[in-house]
Structure formats: structure tokens, C-alpha cells
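1. Would you be able to build a 3D model of this:
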Amino acid sequence: MRPTGKLHLGNYMGALANWVKLQDDYECYFVIVDWHALTTDYADTSQIVGNIKEVALDWLGAGLDPDRCVMFLQSKVNDHARLHLLLSMITPLGWLERVPTYKEQMENLAHKDLTTYGFLGYPLLQAADILLYQPRFVPVGQDQVAHVELTREIARRFNHFYKLDGREVLPEPQVLLTPSPKLPGTDGRKMSKSYGNTIQLTDSEAEVRQKLKTMVTDPARIRRSDPGDPDLCPVGDLHKVFSTPEKLAEVYEGCRSAGIGCIQCKGWAADALVQILAPIQERRAKYTKAQAVEIIEAGSIRAQHRAAQTMREIDAAMQMLID
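-> Predicted coordinates for the structure are as follows:
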């Protein structure tokens, strides 16, 4: 994850909740990619260090356990940069230019100058982040599948040119698709920091309830007596993700019959969100920022040892080892 600030429910449901489950079944490496933050925020780096600490605390609050996974910082493992450089020598320019999110972000972030080598090359740095640990799987949502496919192509091209004693060094990792439910922000669009419509994992109960009070609803339901449709309402989408089946049935019945108003429906959604957030915030409160930094630094040492193993094989395969 890029350190762009405190995490929100979209981050949690889109990735983090799944990561917590994966650490019981796989040897997992989770990285805060601070160099990636520079690809769009290079002009103002003042918030990056603070954001790293907040993301680390949010990870711990969500349930990532440093005894069951490796949590580390990209810039603490210099081999990420070295592998990125080596892979850049063999990666065709056209492969980077066709990445779907490249043009999409150029348009969405038109107020920033993204005509930089770093921004064009961020998918390649992402591929290096992945391949450095020779993984079998990469847990991503549907919107990141194209990035993993690029990583597979780069690994395939590397293996075509270089082998170590006749074997391939870089595996072609498979996508481990993360179920990513539709999670709207308070304005009805996708929950995103850039839209300013998020519910953060650290929001208090009062903040959650206040944000939901202003949340958009079914546009066809203008008056309290008008029936609505939860399938056309962003608040209904929240209920589908966080409410119990019994409560969801009440929402459908009450909304479609106009038996409940939007204020009551939003209150029920807030109840469900608070129940999800409370244990996350309790775990988070057990750690100080200093403790979070210690955990990330210890994880970075573990990651560096694993990365060095891969780089030894890469150097040998490329016949760049000097005895």
C-alpha cells in the first residue's frame, strides 16, 4: 500500500481484511511502498513519513501480526531499486504505456505534472516489488489484475534471456483474487481519499454517524413518504456489506414500503460500521507510533534477507557475479 494517509473502509474491505486471513495460510510479505508515493506526490514529501506510521498502525489495528507475516518498508530494502533498474533494461517501453491505469491517472490527476520517468515506470517498480520475493500468488482486486499480468510478462521475458543452471529464476505469480465488494463513499462515488468521501478506520462513532447523516441516498426518494430502492442507494450498498441478513431484510422492507426514513436507515448502517471499527480501533490503540516503527524496521530486515537471496540468483543468472 502507498502511504497516502490513514486507511479507510474501502482499503480495509478491498485488501486489508483479506490480508489478515491470508497470513494464516501463506508466508506473506506486506510492504508500505513509500517510493511509489513519490510517483504522484514528488513535489511535496512532507507527509510521507507521518503517513507511513499511520498506515503501519492501521495494519496492526486491522489484525496483521508481525509474528505471522512480514511487514516492511520499501525504501528500507534497497534491492527493490536494484531489481527495478535491472528489469528496466529488458522491459519494452510500449508495455508500460499500455497499462490501463497509466492514462486513467494522467486524466484523473491532470492538476499534477505526471510526465515523469518515475510515473511511467511505476508498474515496473511494482513488478520488482513482487518478483523480488519469488511469490506464487499476489492478492489483488480485479482492478490490479492487469498489473500482475505485466509482472508475469516481465518475469517471462527475464527467464527467456537468463537462466540459472538451466532453471528459471523468476516465477510467474498467479493472481489471488480478493473479493472486493462495492463500497461507496459518502457522496455515492467509490470510496477514495482523492474524493474526500471516506470513512476512516480511526473515525470515532460520532464521526461515523455524522458522515452518514450527509450521505447521498436513492435520488427517487425525495419525501419521507416516497418508497425507495436499496439497490439504487449508496446506503443500501453499505448495508449489503456490513449489516446482518436480518437487518438487511428490514432495510429492504422498510425502504420499499416507506416504512422507514433515510435517517433511520443511515442510523442502522452506522450501527453496523461502528461494530466493525471498534475492535480495529482497540487493537490499534495498543501500539504507539514508535512501536509501529520498530515492527516495520524489524520486518524490513527480514525482507532484506529474503530479497538478497533472490538477487544472488538473479546476478548469477545474468552472469554478473564477480568472484
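
2. Hmm, Val99 is touching Ala146, no?
-> Yes - with contacts defined as CB atoms under 8 Å, Val99 counts as touching Ala146 at a distance of 6.4 Å. C-betas here are computed from N, CA, C, even on glycine.

3. Quick check: longest helix in the chain by residues?
-> The residue-count maximum for a helix in the chain (DSSP state H) belongs to helix 289-317.

4. buried stuff in it?
-> Of the residues in helix 289-317, those buried by neighbour count under the rule 16 or more other CB atoms under 10 Å are 292-293, 295-296, 299-300, 302-304, 306-307, 310-311, 313-315, 317.

5. what is the mean pLDDT for it?
-> What helix 289-317 shows for mean pLDDT is 98.

6. tell me what it is packed against?
-> In terms of contacts (3 or more CB pairs under 8 Å, 6 or more residues apart in numbering; DSSP states H and E), helix 289-317 is packed against strand 29-32, helix 48-62, strand 70-73, helix 79-88.

7. quick one, strands of this protein?
-> Listed from the start of the chain, the chain has strands (DSSP state E) covering 29-32, 70-73, 137-140, 174-177.

8. Name the residues that touch the first one?
-> Strand 29-32 is contacted by residues 1-3, 19, 52, 55-56, 59, 64, 69-74, 129, 133, 135, 296, 303, 306 when judged by CB atoms under 8 Å, 6 or more residues apart in numbering.

9. ditto for stretch 235-244
-> In contact with stretch 235-244 (CB under 8 Å, 6+ apart) are residues 13, 181-184, 212, 215, 217-218, 229-230, 247-248, 251, 255, 262, 265-266, 268-269, 272-273, 275-276.

10. ok now it, how far from the chain's centre?
-> Relative to its parent chain, stretch 235-244 has a centroid offset of 21 Å by CA atoms, centre = their mean, to the nearest Å.

11. which parts of that stretch are buried?
-> Going by 16+ other CB under 10 Å, stretch 235-244 has these buried residues: 235-239, 241-243.

12. For those residues, could you give me JSON lines that also reports pLDDT?
-> Rendered in JSON lines, the data for these read as follows (pLDDT from 0 to 100):
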{"residue": "Val235", "pLDDT": "96"}
{"residue": "Gly236", "pLDDT": "96"}
{"residue": "Asp237", "pLDDT": "95"}
{"residue": "Leu238", "pLDDT": "96"}
{"residue": "His239", "pLDDT": "97"}
{"residue": "Val241", "pLDDT": "94"}
{"residue": "Phe242", "pLDDT": "95"}
{"residue": "Ser243", "pLDDT": "96"}
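
13. In helices, which of those residues appear?
-> Checked against DSSP H, the buried residues of stretch 235-244 include these in helices: 235-239, 241-242.

14. now the residues you listed as a markdown table including distance to Gly188?
-> Listed next are these as a markdown table, based on distance: CB to CB, whole Å:
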| residue | distance to Gly188 |
| --- | --- |
| Val235 | 9 |
| Gly236 | 11 |
| Asp237 | 9 |
| Leu238 | 11 |
| His239 | 14 |
| Val241 | 15 |
| Phe242 | 17 |
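
15. Of the residues you listed, which is the nearest to Lys193?
-> Top of the list for closeness to Lys193, among these and by CB to CB, is Leu238 at 18.0 Å.

16. Do I have it right that Leu125 meets His80?
-> Yes - using CB under 8 Å, Leu125 and His80 qualify as a contacting pair, with a distance of 7.2 Å.

17. Residues that sit against both of those two, list them.
-> With contacts defined as CB under 8 Å, 6+ apart, the residues shared by Leu125 and His80 are Trp35.

18. how far does the lowest-mean-pLDDT helix or strand in the chain sit from the chain's center?
-> One helix or strand of the chain scores below all others by mean pLDDT, DSSP states H and E: helix 100-108, with a mean of 78. Averaging C-alpha positions (CA atoms, centre = their mean) puts helix 100-108 17 Å from its chain's average.

19. List the buried residues of it.
-> Taking 16+ other CB under 10 Å as the criterion, helix 100-108 shows 102, 105 as buried.

20. Return the list of helices and strands in contact with it.
-> Taking 3+ CB pairs under 8 Å, 6+ apart as contact, the helices and strands that helix 100-108 lies on are helix 117-120, helix 145-161.

21. Figure out which of those helices is closest to Tyr26.
-> Sorting those by CB to CB, the top spot, which is the nearest, belongs to helix 145-161 at 15.7 Å.

22. circling back: packed most tightly, which of the strands of the chain would that be?
-> Between those, strand 70-73 has the highest mean count of neighbours, a mean of 24, where neighbours are mean count of other CB atoms under 10 Å.

23. one step back: can you tell me what sits against the least confident helix or strand of the chain?
-> By CB under 8 Å, 6+ apart, the surrounding residues in contact with helix 100-108 are 40, 96, 114, 119-120, 123, 143, 146-147, 194.
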